[in-house]
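1. Structure for this input, please:
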Amino acid sequence: MGVIDTEGKNYFGLSRIFADAFNYLLYDGEEVIKADSLKELDTTQIAIPYGNGARVPTQKYRDLLKIWSAMMDENAVYVMLGAELQDKVHYAMPVKNGLYDMIGYARQVEEARASFKKTTDEKEAELFVEGDAIKIKLTSEEFLSGFRKADKLIPIITATVYLSADKWDGPLSLHEMLDVKDKRLLRFIPDYPINLIAPVNMEDEEFAKFHTDLGFAMNALKYQRDKRITDVFLSTTKRIDKNTAEFVNRVANLGLEYVDDGKGGYDVCRGMEENNKMREVSGAIKVLRATGTEDKDIIDKIVENFNVTKEYVMELLAPKTA
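-> Sure, this is the predicted structure:
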């Protein structure tokens, strides 16, 4: 498994990060979706074709899938939220996401069908609600569909999270994938756009729309190949949590240094400053040694010029004198 399959799923699987990503996508950063209103769902998607005869199931696996349940304006809200994580462009993403979503809807239809148990009257069925059997009458159309006229599906929204510094140059909708010369046909072909979250496409001010350290992570991913990355982070970064620190280091491969702040978080600025100071001191030691300066004199010069302790310098000298 790649880094995205492991680190990406672990990080975005955190409910507070997942909620933050979808609040950015759906509500422009407003904190509508709460972490405690999300529940993990089985990511295995199984589609069973309709019709008589042999039925061969199709099995697919989503990256992440959660159900959001909440009360809004005194009404219950249920929405399935899926996330597909990509570190490379997928040129058939509209089809991939569309397949996952349609499998999800088909599964709901099958579950509705399975909730009916036939009685001796083919137009009568028992509907099981929380374990209790309720006898209902089905119209011939409902009986054929296995889905009542009053039944409703839970909506499914899938986000494509593109964790790369490269531009997404793939199609953003199904229509972009079609070879259609007569554009008049397009209005009869349902389109399927993808919901793309890509840090490389974000303006810098957009990172402030995140309410967790996901904003920092997205910023890091956008600038991961920029030679000015150290300066950018030293001037803008604050304390971040351990999960974000590890995710950024492993996915963006920045080699950033973090210092545990003793409060359950990591101080990026201090870690980077200490790392830069160590490099400067090590470079000065190398220059002084090249001139034949003895270690005791090196220690005095470094302490005087770099505001560090003797013990600090001796630790850097130790490997060289061992």
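2. what's the straight distance from one end of stretch 301-310 to the other?
-> Distance between the two ends of stretch 301-310: 10 Å, counting by C-alpha to C-alpha, to the nearest Å.
3. Confirm Arg148 sits in a helix?
-> No: under DSSP: H, G, I helix; E, B strand; the rest coil, Arg148 falls outside any helix and is assigned coil.
4. what's the nearest residue to it if we skip its chain neighbours?
-> Glu142 (4.9 Å; C-beta to C-beta, 6 or more residues apart in numbering). For every residue, glycine as well, the C-beta is placed using N, CA and C.
5. can you pull out the strands in the stretch 151-300 of the chain?
-> 156-162, 195-197, 239-241, 259-260, 265-267 (DSSP state E, counting those that start in this stretch).
6. what pairs with the third one, and is each one parallel or antiparallel?
-> Strand 239-241 sits in its sheet next to strand 265-267 (antiparallel), going by DSSP bridges.
7. what ranges do the helices span in the chain?
-> Ranges of helices in the chain, per DSSP state H, are 3, 9-12, 15-27, 93-114, 140-145, 214-222, 229-236, 242-251, 268-290, 295-306, 310-321.
8. Measure how buried Phe106 is and give me the count.
-> To be clear, residue 106 is Ala; Phe isn't right here. 18 (other C-beta atoms under 10 Å).
9. same deal with Phe18?
-> Phe18 has 24 nearby residues by other C-beta under 10 Å.
10. list the contacts for it?
-> By C-beta atoms under 8 Å, 6 or more residues apart in numbering, the residues touching Phe18 are 12, 35, 38, 64, 66, 81, 83.
11. Retrieve the pLDDT associated with the fifth one.
-> Predicted confidence (pLDDT) at Lys66: the value is 96.
12. how about the nearest residue to it, chain neighbours excluded?
-> Leu38 (4.5 Å).
13. can you pull the contacts of the one you found?
-> 15, 18-19, 66-68, 81.
14. Farthest-apart pair in these, please.
-> The most widely separated members of the contacts of Leu38, counting by C-beta to C-beta, are Ala19 and Ile67 (12.4 Å).
15. who's more crowded, these two?
-> Taking neighbours as other C-beta under 10 Å, Ala19 and Ile67 compare with Ala19 leading, 24 against 15.
16. Surely the more buried one is in contact with Gly29?
-> No: if you go by C-beta atoms under 8 Å, Ala19 and Gly29 don't touch, sitting 11.6 Å apart.
17. how about low-confidence regions in the stretch 101-250 of the chain?
-> Filtered on pLDDT under 70, the stretch 101-250 of the chain yields the residue ranges 116-135, 227-238.
18. now do 50
-> 119-120 (pLDDT under 50).
19. returning to that earlier point: what separates the residue nearest to Arg148 from Pro155, distance-wise?
-> 22 Å (C-beta to C-beta, to the nearest Å).
20. try Asp101
-> 9 Å.
21. When those two are compared, which one has more neighbours?
-> Of the pair Asp101 and Pro155, Asp101 is the one with more neighbours under other C-beta under 10 Å, namely 19 against 14.
22. Can you give me the neighbour number for the residue nearest to the more buried one when sequence neighbours are not counted?
-> Using C-beta to C-beta, 6+ apart and skipping residues adjacent in sequence, the residue nearest Asp101 is Ile156, 4.8 Å away. Other residues near Ile156 come to 19 when the count uses other C-beta under 10 Å.
23. any idea which strand is longest in the protein?
-> Longest strand in the chain, counting residues (DSSP state E): strand 75-86.
24. That one - contacts with which helices or strands?
-> In terms of contacts (3 or more C-beta pairs under 8 Å, 6 or more residues apart in numbering; DSSP states H and E), strand 75-86 is packed against helix 9-12, helix 15-27, strand 64-72, helix 93-114, strand 156-162.
25. which parts of it are buried?
-> For strand 75-86, burial by neighbour count (16 or more other C-beta atoms under 10 Å) applies to 79-86.
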